[in-house]
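Participant: 3D, please:
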Amino acid sequence: MTIENRPAEYEFAGNLADMKVTGIASPVTFVLSADGVQIVEEVCYPDPAGIATIRMRDLLEIAVPCPAMTVGAQSVALYTWSIAGEAAESGSFRCLKGGHLAGVDAAVYLKTNFLTWQPQTRITLYHTPHWLRYVAIVPGCRFRVKGYFTDGTDATFDLSGELAVGIIHTVDATYGTIRGLFDRQITYYDIWIERNGEALTWVQRYVLADGVDGTPDHFVFENSLGGFDTICFRGDRKDIAEPESLNAVFDDRTLEYDVDWQRSFQKNTGYFPDLNARLWALDFFSSANRYHLADGVLHRIVVSDPKLEATEGELAGYEFTYAYAKQSRYLNLPRVPVPPALEIVDPAGELFF
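Facilitator: Numbering: from 1, shown residues only. Alright, predicted model coming up:
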């Protein structure tokens, strides 16, 4: 009995290859456990060539957990497998949600990359939330930040302590949070991972803007690498309310007894500045975990009717409809103190406004 395509020490669920048990004439039993809890036990039968196939991607692509966006540190899920039949073998590996097409092993990718496909330079507002996520697979790594001041000087220091190995680490990269670490105003800042004085990752830059043109809507979504990105769409937004009357006949009269309230928003992304920005936006549409930022609060949303068409060499923008996952017909309108009425008296002593 020979086992092919054993999982490596680190894997992305979306990149897992099928395990193959070759050289067998009878069924084998496959058992898979997550962090010590058994989740799969399956009898696998060989084909006429004596090969039993275990589709690891199908088992784990949806099952692997993704830490919440604000969780600072969480262990990468540890999976243990065993195969018993004509012989018995076992192993273990750590698996992350998502996948990539970089063509390298997960360990190589994780060492040199953050878990994001966002542009390396982000234009941001003061309070727009941002997070950066990194998996430490070697000891001695730490987040570093470098702030740039208006007089041309800069300052660099640690953004974290030494990162524990085998842990998914998340830092708050919001401008307002990073600004509080410096003794004066910064115009932009860079964040990267460093080990023994050497940068392991590329630099993620955030540049402060005074405002955003158009009709900006900020969305936070779980990306295809298991991180969380914030994206801003600046195109038009159309508010669509669709109340449906629920009625019945009582004593020969049709009466309304309730209203089924549905509200959605038709959103245009605006034109994308370049191809990479447009491709990154597709990561938003492939996510099943998305939020809309409104009045400083993240609301879970459901996306429908996306129109994702683009012509090569031309400016492109997308359209889609989103609705809050939790709908309510109730209101929360702001109330403010009413100032005294301005009274003006004319020469005849008459009061007018």
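
Participant: and the end-to-end length of stretch 173-181?
Facilitator: Separation of the first and last residues of stretch 173-181 by CA to CA, to the nearest Å is 11 Å.

Participant: Buried residues of it, list them for me.
Facilitator: For stretch 173-181, burial by neighbour count (16 or more other CB atoms under 10 Å) applies to Ala173, Thr174, Tyr175, Ile178. For every residue, glycine as well, the C-beta is placed using N, CA and C.

Participant: which intervals of the protein have sub-threshold pLDDT?
Facilitator: 349, 351-353 (pLDDT under 70).

Participant: remind me, longest helix of it?
Facilitator: For the chain, the longest helix by residue count, based on DSSP state H, is helix 275-285.

Participant: distance between that one and the chain's centre?
Facilitator: With CA atoms, centre = their mean, to the nearest Å as the basis, helix 275-285 stands 13 Å off its chain's centre.

Participant: mind checking how far the nearest residue to Leu208 once chain neighbours are set aside is from Ala84?
Facilitator: Residue nearest to Leu208 in three dimensions, not counting chain neighbours: Tyr175, with 5.7 Å by CB to CB, 6 or more residues apart in numbering. Distance check for Tyr175 against Ala84: by CB to CB, to the nearest Å, it reads 55 Å.

Participant: What helices and strands are in contact with the helix or strand harbouring Ile3?
Facilitator: Assigned by DSSP states H and E, Ile3 belongs to strand 2-4. Applying 3 or more CB pairs under 8 Å, 6 or more residues apart in numbering; DSSP states H and E, one finds that strand 2-4 makes contact with strand 19-22.

Participant: how does it look with 10 Å?
Facilitator: strand 19-22, strand 52-54, strand 88-96 (3 or more CB pairs under 10 Å, 6 or more residues apart in numbering; DSSP states H and E).

Participant: so which of the ones you listed gets nearest Thr116?
Facilitator: strand 88-96 (13.2 Å; CB to CB).

Participant: Buried ones in the closest one, by neighbour count?
Facilitator: Buried residues in strand 88-96, counted by 16+ other CB under 10 Å: Phe93, Arg94, Cys95, Leu96.
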